[in-house]
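> please find the sequence and the predicted model below.
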Amino acid sequence: MSFFGINNKPKITVNNKYSPEIEYMQSDAHNRNIFIFLAKDITGNLQGSDIGLPSDFKKNIDMRDKLDIMKHYSDDDKINAFRMLAQQYGDVNVTGDHEIITVQIPNGNKTINIILDKNTGEKIQENTRTVTEDRGFTKVNVISKRYVNGKIHEKNTSFKFSKDVIEDYIIHEAKDNDGKKVYHFSSIPKIREKSEDERTHKEKALLNEFENMVNFCIDAGMEYGIDPKLILSIIQQEVMFKGLNGNVNGVNGKGYMQITRNPLMDYMGFSGDGKLYSIRKTKYGPEMEELLISRGFNPNEPKNKKEREEFVNKISNYLYKNKDAEFNIRLGTIILRQLMDKHNGDIKTAALKYNGSKHKAAYSEHVSGYYRLLEDKSDEDSTYNCTNY
C-alpha cells in the first residue's frame with residue numbers, strides 16, 4: 001500500500017512542457033510520488049519534512065524549480081489531487097448542486113475545504129483553516145477565497161480561545177436567580193466535586209449537557225470560522241446558560257441559539273424579515289444545505305411555495321421537539337457568521353440583525369459586552385480580526 005493508499009487510484013492527467021518527466025513519474029511505480037509532490041504544494045508545505053519524497057523521485061525533479069513546475073498544473077489537476085487526498089484524509093460530499101471536498105492535512109493542524117459546482121466542476125470557494133496551540137490557547141486562522149465571475153475575493157479571519165477559560169466563564173456567568181427550579185451551569189463545580197456514584201441522574205445529565213455545549217460551540221466556530229466566544233455570547237444573551245432542557249424554546253426562537261423561522265424562510269426563497277439573512281445566495285448556502293441534509297431535510301426537494309413552506313415547518317418542528325444541541329448551534333453559527341461577513345465583522349450590528357430587531361440596541365450591547373469580558377479573561381491580545389472581501 002502506498003503512503004496515501006492510492007496505488008490503484010486514477011492517475012493525474014497533465015499537459016504541459018514537463019509532460020515527459022511527469023508522465024514518467026505517473027507510471028505505476030511513481031504515481032505515489034507525484035501525488036505526494038502535488039499534496040506538498042497544495043498544502044503549502046513543499047519544504048516540509050512531514051511528507052517524505054523518495055530519493056528516486058527527487059533525482060527527477062531537483063533539476064527543476066519545484067514551484068515553476070507547479071505553475072503548469074491546471075486547476076483540474078489540483079482538484080484531482082484533493083479528491084485523492086480526501087479518500088485517505090477527509091471526505092467528499094455531494095449535496096444538491098455542490099461537491100464539497102474536505103482534506104485534513106497529515107500534520108494535523110491544517111484543513112482545506114473546497115466547494116465545487118457539481119454540474120460544471122468550477123470552483124466556487126476554498127477555505128484553509130490553520131490551528132495551532134500556544135500556552136494553553138488555541139489559535140485559529142481561516143483564509144476564505146470566493147471565486148465569482150473570474151475574480152477571487154479573499155477574506156482572512158483569526159481568533160484564539162482557551163477551553164478552560166470558556167468553561168470557567170460560563171459557570172460564573174450562569175445565573176440561577178429566578179427562584180424557580182431551573183438548572184443552570186453555575187452548579188457544575190459542585191457536581192464535578194462529587195464522585196460518579198454520588199451524582200444524581202439529573203446532575204450527570206447536566207454535566208454531560210454542559211460539556212457537549214462547549215464542544216459544539218468550539219467545533220462550530222472552528223468549522224465556520226467564527227470565534228466560539230462570540231457564539232457563547234449569543235447563547236448567554238438568549239438563554240443565560242440554562243441547562244437540562246434549558247436548551248429552551250421561547251415564544252419564537254428554538255434552542256440554545258433561539259433559531260426563528262425568518263432565516264429558514266429566507267433560505268427557502270421567501271421574502272419578508274428573512275431578507276436580513278439571504279443565506280442561500282452567500283458562500284454559506286452549500287454549508288447550510290449540507291447541515292440540513294445531515295438531519296434528513298433536503299432543501300432541493302420542495303418544488304413550489306406550499307412545499308417550501310411545509311419544509312420550513314418541518315425544520316421548525318424538529319428544532320422545537322428535539323434537543324439537538326449540535327444542530328441548533330451549527331445552524332445558528334452559520335446564520336451569525338453570514339451576518340458578520342455582511343457587516344464587515346461589526347459584532348454589534350451582526351448581533352442586532354441576528355436578533356431580528358430594529359430598535360433593541362440593548363441586545364447588541366449585551367452581546368458585545370459579554371464578548372469583551374471573554375476576551376479580557378482570555379488574553380489581552382486575543383482580538384477578533386475579520387477582513388473585508
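That came through fine.

> drop to CA atoms for contacts and neighbour counts, all remaining ones
Fine.

> state the pLDDT value of the closest residue to Thr111 other than its chain neighbours.
Counting by C-alpha to C-alpha, 6 or more residues apart in numbering, Thr111 lies nearest to Gln104, which is 4.5 Å off, once chain neighbours are set aside. According to the model's per-residue confidence, Gln104 sits at a pLDDT of 81.

> hang on, Ala220 packs against Ile329?
Yes - assessed by C-alpha atoms under 8 Å, Ala220 is found in contact with Ile329 at 7.2 Å.

> and stretch 366-376, what's buried?
Taking 16 or more other C-alpha atoms under 10 Å as the neighbour-count basis, stretch 366-376 is seen to contain the buried residues His366, Val367, Ser368, Tyr370, Tyr371, Arg372, Leu374, Glu375.

> for those residues, which two are the farthest from each other?
Across the buried residues of stretch 366-376, no pair lies farther apart than His366 and Glu375, at 14.1 Å, counting by C-alpha to C-alpha.

> could you report the separation of Ile226 from Gly269?
From Ile226 over to Gly269 the distance is 26 Å, taken as C-alpha to C-alpha, to the nearest Å.

> quick one: Lys323 is in a helix?
No - counting by DSSP: H, G, I helix; E, B strand; the rest coil, one finds Lys323 to be coil, located in no helix.

> look up how far Asp266 lies from it.
Counting by C-alpha to C-alpha, the separation of Lys323 from Asp266 is 24 Å.

> likewise Gly150?
When distances are taken as C-alpha to C-alpha, Gly150 and Asp266 turn out to be 28 Å apart.

> okay, the two: which has more neighbours?
Of the pair Gly150 and Asp266, Asp266 is the one with more neighbours under other C-alpha atoms under 10 Å, namely 21 against 7.

> so that one sits in a helix?
Yes - applying three-state DSSP, one finds Asp266 inside a helix.

> direction included, what does the helix or strand Phe159 falls within pair up with?
In this assignment (DSSP states H and E), Phe159 forms part of strand 151-161. Note on strand 151-161: by DSSP bridges, its sheet partners are strand 137-148 (antiparallel), strand 385-386 (antiparallel).

> please put the alpha-carbon coordinates of it into CSV.
As requested, C-alpha coordinates have been extracted for strand 151-161 and formatted as CSV (Å, rounded to 0.1, in the frame of the first residue of the first chain):
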residue,chain,number,x,y,z
LYS,A,151,-12.3,37.1,-9.8
ILE,A,152,-11.0,35.9,-6.4
HIS,A,153,-12.4,37.6,-3.2
GLU,A,154,-10.4,36.7,-0.2
LYS,A,155,-11.3,37.0,3.5
ASN,A,156,-8.9,36.4,6.4
THR,A,157,-10.3,35.7,9.9
SER,A,158,-8.3,34.9,13.0
PHE,A,159,-9.1,34.4,16.7
LYS,A,160,-7.9,32.4,19.7
PHE,A,161,-9.5,31.0,22.8
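
> which parts of that strand are buried?
By 16+ other C-alpha under 10 Å, the buried positions in strand 151-161 come out as Glu154, Lys155, Asn156, Thr157, Ser158, Phe159, Lys160, Phe161.

> let me see the mean pLDDT of the helix or strand that it is followed by.
In the C-terminal direction, the helix or strand that comes right after strand 151-161 (DSSP H and E) is helix 163-173. Rounded to a whole number, the mean pLDDT of helix 163-173 is 92.

> same check, this time on stretch 267-281
This predicted structure assigns stretch 267-281 an average pLDDT of 58.

> returning to what we had before: quick one: least confident of the buried residues of strand 151-161?
Looking at the buried residues of strand 151-161 by pLDDT, the weakest one is Lys155, with 84.

> contact partners for the closest residue in space to Phe241 that isn't next to it in sequence?
In space, not counting the residues next to it along the chain, Phe241 is nearest to Ala174; the distance is 5.4 Å by C-alpha to C-alpha, 6+ apart. Under the criterion of C-alpha atoms under 8 Å, 6 or more residues apart in numbering, the neighbours of Ala174 are His184, Phe185, Ser186, Gln236, Met240, Phe241, Lys242.
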